[in-house]
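Visitor: build the 3D model from these lines:
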Amino acid sequence: QCIQVPAPNSQSQSRPHHSSISHSSFSLHHLLADAMVKPAGLFPWILLTHGVVSAFVTPQKTRTHHDVSSTLHRIHHHRSASLAPLNMVAATTALPQISQSDVQTLSNQGYVIIPNFLPQSLVDELRRDITTLRSNSAFKQAKIGQDSTNELNTNIRIAETCFLGRNRPELASISSAGGNNSVRDRSDGLYNILDDLCDSLSELSWSDSQTRLDKSLSELLYAYYPRGGYYRRHRDAIPNSASVLRKYSLLLYLNEESWDPSVDEGQLRIHLDGGGDECPPGVEPNYVDVDPLGGTLVLFKSEMVPHEVLNTNSERFALVGWYNRGVTAGDIGNLGEAGGGGDIARIGMMVAAMALVTFGVASIIGQ
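Guide: Below you'll find the predicted structure:
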């Protein structure tokens, strides 16, 4: 069963359619003391004291949220603009939000497609940001694989990526992209929008699995696919790797308004056949194709939805991200067992992937 979700163009008007630790759970900002992670490249030294693996992370600056009343099942968050630069509008601006019905759809079917999540004007700004960052060598050829298996494989993926996040000096130093006042950093910009989206999913994460999302572990990157680019079928969360912390994957398309799916292609294919990286033997293919129209947001459960990017005939622009839950003692134990019951190097990779927020978890696990 193949479902083609149409896009709005001249032919169609609809747009949906890409050792034991006594604490059971802890945040990175409250990892137990008496131990230290010292990064050496991407392979840290782990110090164990009293049988506890710990890491120290500099907390991000706390951002103030002002909750206001909700209508039509939308939860609106406003941020104070009092700290904004003088050349910015001082008024508080409402940010794009998802509805409670969208959250319920994500819970029930494992994915949700939300057209027009971003206005085209912001889509265009973000796409120009990608172009500027690429011209300043901020993008690298994308790799695949988990942990130490991260490698370049153009048979599976042809794309370029740029890791994002607040206070990344290599991005802030690019003045032509706006520096610290870029379309990503400003009060009505990308990071605040995605933080609010994370807040909207927190209750769902708790009701689904009694785990909290940890905003400090969110992963974000720009993905650029050249003409002829693709990414073959894969999953975002793999057991016994750092990616197991991924709860929800997000794709936010930043293509031009003139994008024609019948010509430009590059659809996201969401596989619903119950398999992993491949369709199970004897099972008929079952999938949904999503046109990567500018402003469309796709959310899905990272551990249960295999997906791929079909070959694109035009330059394809997107924001990719993952909302992660906090680390638990079980995560460390499971990774140790997978490495032979106490493989310190593999346990170290899990801790490092969680601790080195400034590098981004994705920069370690290669998604």
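
Visitor: so how far is Val288 from the residue nearest to Leu152 when sequence neighbours are not counted?
Guide: Nearest-residue entry for Leu152: Lys143, 5.1 Å, with adjacent residues in sequence omitted and distances by Cβ to Cβ, 6 or more residues apart in numbering. Heads up, the C-betas are built off the backbone N, CA and C, glycines and all. As for Lys143, its distance to Val288 is 27 Å (criterion: Cβ to Cβ, to the nearest Å).

Visitor: more neighbours: which of those two?
Guide: Val288 (24 against 18; other Cβ atoms under 10 Å).

Visitor: isn't that one up against Ile270?
Guide: Yes. The pair Val288 / Ile270 is scored as a contact, 4.6 Å apart, by Cβ atoms under 8 Å.

Visitor: hey, what's in contact with both of the two?
Guide: Residues touching both Val288 and Ile270 (Cβ atoms under 8 Å, 6 or more residues apart in numbering) are Tyr111.

Visitor: next up, phi/psi of Asp102, please.
Guide: The phi/psi pair for Asp102 (degrees, to the nearest 10) reads phi -70, psi -40.

Visitor: which one is it nearest to, not counting chain neighbours?
Guide: Val112 (5.2 Å).

Visitor: what of Ser173?
Guide: Gly179 (7.5 Å).

Visitor: quick one: the one you found from Thr154, how far?
Guide: According to Cβ to Cβ, Gly179 and Thr154 sit 34 Å apart.

Visitor: in this structure, where's the longest helix?
Guide: Longest helix of the chain, by residue count under DSSP state H: helix 190-209.

Visitor: what residues does that helix touch?
Guide: 63, 65, 75, 77, 79, 95-98, 103, 106-107, 118, 126, 164-166, 183-185, 211-213, 215, 218, 220, 247-248, 250, 299, 319, 321, 323, 325.

Visitor: so Ala223, which state does it fall into?
Guide: Recorded secondary structure, Ala223: strand (DSSP: H, G, I helix; E, B strand; the rest coil).

Visitor: for beta bridges, what are the partners of it?
Guide: Beta-bridge partners recorded for Ala223 (DSSP bridges): Thr161, Ala318.

Visitor: show me the contacts for it.
Guide: Ala142, Ala159, Glu160, Thr161, Arg316, Phe317, Ala318, Leu319, Val320.

Visitor: quick check: it vs Asp236, distance?
Guide: Taking Cβ to Cβ, one finds Ala223 at 13 Å from Asp236.

Visitor: that older thread, show me what the residue nearest to Asp102 is bridged to.
Guide: Beta-bridge pairing for Val112 (DSSP bridges): Leu299.

Visitor: from the contacts of Ala223, which shows the smallest pLDDT?
Guide: On pLDDT alone, Ala142 ranks lowest of the contacts of Ala223, at 91.

Visitor: phi, psi for the nearest residue to Gly274 once chain neighbours are set aside please.
Guide: In space, and not counting its chain neighbours, Gly274 is closest to Pro280: 6.2 Å by Cβ to Cβ, 6+ apart. Backbone geometry at Pro280, expressed as degrees, to the nearest 10, gives phi -60, psi 140.

Visitor: and Pro280, how far from Asn286?
Guide: 11 Å.

Visitor: neighbour count for those two, which is higher?
Guide: Asn286 (15 against 10).

Visitor: in the longest helix of the chain, what's buried?
Guide: Of all the residues in helix 190-209, those buried under the rule 16 or more other Cβ atoms under 10 Å are 190-202, 204-205.

Visitor: count of residues packed around Thr154?
Guide: 12.

Visitor: what does the one 4 residues further on give?
Guide: One way to gauge burial is a neighbour count; for Ile158, by other Cβ under 10 Å, it gives 20.

Visitor: count the residues that sit near the nearest residue to Glu278 once chain neighbours are set aside.
Guide: Leaving aside its sequence neighbours, Glu278 sits nearest to Arg233 (Cβ to Cβ, 6+ apart; 6.9 Å). Here the count is done by other Cβ under 10 Å, and Arg233 has 17 residues near it.

Visitor: quick check: Pro292 vs Glu284, distance?
Guide: 25 Å.

Visitor: what pLDDT is listed against Gln13?
Guide: 38.

Visitor: circling back to that earlier point, and which of the contacts of Ala223 is nearest Ser262?
Guide: Arg316 (14.8 Å; Cβ to Cβ).
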